[in-house]
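S.K.: Could you work out the structure for the sequence below:
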Amino acid sequence: MEVTVQKFDNIKTASVRHVGAYDQCTPAWMTLMMHPSVMPLVTDKSMFIGISYDDPSKTEQCRYDACVTCPDDFQATAPIAVTVIGGGDYAVYRHVGSYYGLAEVYRRLFDEWLPASGRAYKNDAPTIQIYRNLPINTPEEQLITDVCLPLA
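M.R.: Coordinates of the predicted model:
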């Protein structure tokens, strides 16, 4: 498992919250991307990020924020919120393939890589996924997702 440790700055995003199974978050993405205040933000430099707050083995009501980066002066109106992803060290693993493979990536990161790394998970921070391409124009087997664990 090829994992790098990268330092991130804070990332300001426009976001929409989903509560439920992670594989059911498409409506949150649609609300976010179709909102008139967000549509002008999307450029070839935009980052699309998912924030996962909960372990699905412990709750069925997982909190997930669908996010797109936004400028510092962006002002959100409901149902859009502003979410700032905290900077710091992150363990980053690049997954290529279906989003359905992400559960196994998380299992391996937490059960194998993290204990062997000598690093600790930052318990009060959520994990993030940076979507490097999108399923709307990419075959499922070519999707690229950077899975990022915040490190203490």
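S.K.: who's in contact with Cys70?
M.R.: Cys70 makes contact with 12-14, 38, 41, 82, according to CB atoms under 8 Å, 6 or more residues apart in numbering. Just so you know, the C-beta spots here come from the backbone N, C-alpha and C atoms, and that holds for glycine as well.
S.K.: these two touch, right, Leu109 and Val3?
M.R.: Yes. The criterion here is CB atoms under 8 Å, and Leu109 meets it with Val3 at 7.2 Å.
S.K.: what helix or strand is Trp29 on?
M.R.: Assigned by DSSP states H and E, Trp29 falls within helix 26-34.
S.K.: Next, the angle from the helix or strand that comes right after that helix to helix 26-34.
M.R.: Downstream of helix 26-34, the first helix or strand assigned by DSSP H and E is strand 48-52. When axes from the mean of the first three to the mean of the last three CA atoms, to 10 degrees is applied, the directions of strand 48-52 and helix 26-34 differ by 140 degrees.
S.K.: Give the next helix or strand downstream of strand 48-52.
M.R.: strand 63-69.
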